[in-house]
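Q: I'd like to go over a predicted model; first the sequence, then the structure.
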Amino acid sequence: MKILARWALLAAALLLVAWLYPGVRVASFGSALLAAFVIGLLNTLVRPLLVLLTLPVTLLTLGLFLFVINALMFWAAAEVLTGFAVTGFTAALIGSLLYSACSVVIDAAVERLFSPSGA
């Protein structure tokens, strides 16, 4: 239940990002659900490999290159899907920053909501 709630909230966050920033477009809530799933899948499977391969650059930039990797994952999801579009790399960077900020809030809220103690 916790995973489904988080997934639905992340899809809603993607709609919020599209509403806040014109460089990101989402066609419907169904498209947002699919996009949230694909972004999560890319972040789980591809991102760790990219982080490992770009470790020297990441260390050289004091971790700022991780923002580029996040933007690439966001952009890759938009390239694969039809109902989710990003106008360019800058839009992917800003969109991924907004989506990440929403994700942090959602994770904290879901953990608090579904904690065993309820507190």
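A: The structure has been received and is ready for your questions. Residues are numbered from 1 along each chain as shown.

Q: When you work out contacts or count neighbours from here on, use the C-alpha atoms and nothing else.
A: Noted.

Q: and residue 44, what element?
A: helix 29-45 (DSSP states H and E).

Q: counting contacts, what elements does that helix pack onto?
A: Where contact means 3 or more CA pairs under 8 Å, 6 or more residues apart in numbering; DSSP states H and E, helix 29-45 is packed against helix 2-20, helix 65-80, strand 84-86.

Q: Recalculate using a threshold of 6 Å.
A: Identification of packing neighbours for helix 29-45 by 3 or more CA pairs under 6 Å, 6 or more residues apart in numbering; DSSP states H and E yields helix 2-20.

Q: following the helix it packs on, which helix or strand comes up?
A: Per DSSP H and E, helix 2-20 leads on to strand 24-26 as the next helix or strand towards the C-terminus.

Q: Please report the distance of the nearest residue to residue 50 once chain neighbours are set aside from residue 54.
A: Distances taken as CA to CA, 6 or more residues apart in numbering put residue 69 closest to residue 50, at 7.2 Å, once the chain neighbours are dropped. Using CA to CA, to the nearest Å, residue 69 is found at 9 Å from residue 54.

Q: who's more crowded, those two?
A: Between residue 69 and residue 54, counted using other CA atoms under 10 Å, residue 69 has the larger neighbour count: 21 against 15.

Q: quick one on the thing from earlier: so the helix holding residue 44 versus helix 65-80, what angle?
A: 130 degrees (axes from the mean of the first three to the mean of the last three CA atoms, to 10 degrees).

Q: Buried residues, helix 29-45. List them.
A: By neighbour count on 16 or more other CA atoms under 10 Å, the buried set for helix 29-45 is 31-40, 42-43.

Q: what do you get for stretch 79-96?
A: Neighbour-count burial for stretch 79-96 [16+ other CA under 10 Å]: 83-86, 91-96.

Q: Same question for stretch 97-117.
A: 97-100, 102-103, 106.

Q: so how far is that stretch from its chain's centroid?
A: 13 Å (CA atoms, centre = their mean, to the nearest Å).

Q: do stretch 41-55 as well
A: The chain centre lies 14 Å from the centre of stretch 41-55; the measure is CA atoms, centre = their mean.

Q: No further queries at this time; thank you.
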